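1. Have a look at this prediction, sequence included:
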Amino acid sequence: MKRWTHWLGVKSPHAADYVPSAPAQTGDLCIQYLGTAGFVISQDGHHVVLDPYVTRPDLTTSLTQPLVPNAALIQRLIPQANDVLIGHAHHDHILDGPDLCKQTGARLIGSSSTVQVGIAAGLPPEQLVSTEGREDIASGSWTVRGFPSRHGKIFGRIPFPGDLHAPPPWPARMHQLRHGLVLNWLVDTGKLKVMHIDSADFIDEELQGHRCDIVCLCAIGRQARPNYVRDVVRYLKPRWVIPCHWDTMITPIESVPDLLPGVDLPGFIEEIKAAGATPLLTPILGHQRFS
């Protein structure tokens, strides 16, 4: 495995401060962190994108205005996608997904609420895949599967709960994007398995009996779920854990990020180590490479 230098105890990891390892070789699996809960998993020209959110409108816009995806930024930062997987339909997980699919021809895959957002944004039926989870979906030679889950509590409550039964206005305001069914995504490349947990909760019975090599694990709200990190590692037995959803989501993606209030990133890293996995703290737009 080739990876970025590991660092710990800093306020906010930033790609400009670190030097990447050698370029990926043919056959390497590359995982790029997009900030918030977003990732691009790629290998030999196949690209699966999870929860893309690079537009990152500022706080005032997020709270008061319809949220407009930044199409040019999406195209520059995520030029390729075969499939776009959405963990849940909150704005910071789904906003950029439909535009990315329009630009690349990728499928938008997620819950029925996710599909309603895709319809609102103008995606055609052939680019929309609805799942209730627990089914294998082919993605090229890979397989993806959604595991039904729960949204974590933030400051004691679940924000914007419920399902979308019709297309919301588009562009939508933050409160118009209900989370719908929450899915933890397992991406099976045939060699390595990557689990994506984009909100700090899960259903024990859904994870039990499954294994993966890498977990992309949400940091915000972890204190609200007892034994969150320990149980994820105990059930899935990953070798590596990549922390995600630790930044405020409102600074421009190429600026130095700030930690979300309540996120103890060094503490999260220590919990991962104590559970028996290796943390791979990754700057926004940074990469981890596995061979």
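-> Now that the structure is in, tell me what you want to look at.

2. Going by C-alpha atoms from here, please, whenever you check contacts or count neighbours.
-> Will do.

3. Distance-wise, check the residue lying closest to residue 89 once chain neighbours are set aside relative to residue 262.
-> Spatial nearest neighbour of residue 89, excluding adjacent residues (C-alpha to C-alpha, 6 or more residues apart in numbering): residue 179 at 4.4 Å. Per C-alpha to C-alpha, to the nearest Å, residue 179 is found 21 Å from residue 262.

4. Who has more neighbours out of the two?
-> Using other C-alpha atoms under 10 Å as the criterion, residue 179 and residue 262 rank with residue 179 on top: 26 against 14.

5. For the more buried one, give me its contacts.
-> By C-alpha atoms under 8 Å, 6 or more residues apart in numbering, the contact set of residue 179 is 88, 89, 90, 113, 151, 160, 161, 162, 163.

6. That one belongs to a helix?
-> No. Counting by DSSP: H, G, I helix; E, B strand; the rest coil, residue 179 falls outside a helix, being coil.

7. could you measure it against residue 103, distance?
-> According to C-alpha to C-alpha, residue 179 and residue 103 sit 24 Å apart.

8. Equivalent analysis for residue 130, please.
-> Taking C-alpha to C-alpha as the measure, residue 130 falls 20 Å from residue 103.

9. nearest residue to residue 275 other than its sequence neighbours?
-> residue 230 (5.1 Å).

10. What values do phi and psi take at the one you found?
-> phi -60, psi -40 (degrees, to the nearest 10).

11. Which residues are in contact with it?
-> Residue 230 makes contact with 271, 272, 274, 275, according to C-alpha under 8 Å, 6+ apart.

12. Which of the residues you listed ranks first by neighbour count?
-> Neighbour max across the contacts of residue 230 (other C-alpha under 10 Å) = residue 272, 22 neighbours.

13. what about the longest helix in the protein?
-> helix 265-275 (DSSP state H).

14. could you give the mean pLDDT of it?
-> What helix 265-275 shows for mean pLDDT is 97.

15. Repeat that for stretch 26-33.
-> The model assigns stretch 26-33 a mean pLDDT of 93.

16. ok, the contacts of residue 230 vs residue 96, which is closest?
-> Of all the contacts of residue 230, residue 96 sits closest to residue 272, with 29.8 Å by C-alpha to C-alpha.

17. Measure how buried the closest residue to residue 41 other than its chain neighbours is and give me the count.
-> Spatial nearest neighbour of residue 41, chain neighbours left out: residue 31 (4.6 Å); criterion: C-alpha to C-alpha, 6+ apart. The number of residues packed near residue 31 is 25, by other C-alpha under 10 Å.

18. ok, what's across the strand from residue 31?
-> Taking DSSP bridges as the rule, residue 31 bridges to residue 41, residue 288.

19. Do I have it right that it meets residue 288?
-> Yes. Shown here, residue 31 and residue 288 form a contact pair, counting by C-alpha atoms under 8 Å, at 5.2 Å.

20. Which parts of the stretch 101-250 of the chain are helices?
-> 112-120, 204-207, 228-236 (DSSP state H, counting those that start in this stretch).

21. Adding distance to residue 267 as columns, could you present those in JSON lines?
-> Shown next, in JSON lines, are these (distance: least, C-alpha to C-alpha, whole Å):
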{"stretch": "helix 112-120", "distance to residue 267": "33"}
{"stretch": "helix 204-207", "distance to residue 267": "23"}
{"stretch": "helix 228-236", "distance to residue 267": "11"}
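
22. Deepest in the core, which of those is it.
-> The highest mean neighbour count among the helices of the stretch 101-250 of the chain, using mean count of other C-alpha atoms under 10 Å, belongs to helix 112-120: a mean of 25.

23. Dihedrals phi and psi, the nearest residue to residue 117 once chain neighbours are set aside?
-> Excluding the flanking residues, the one nearest residue 117 by C-alpha to C-alpha, 6+ apart is residue 167, at 5.7 Å. Torsion angles at residue 167 (phi, psi; degrees, to the nearest 10) stand at phi -60, psi 130.

24. What separation is there between residue 167 and residue 96?
-> Applying C-alpha to C-alpha, the value for residue 167 to residue 96 is 16 Å.
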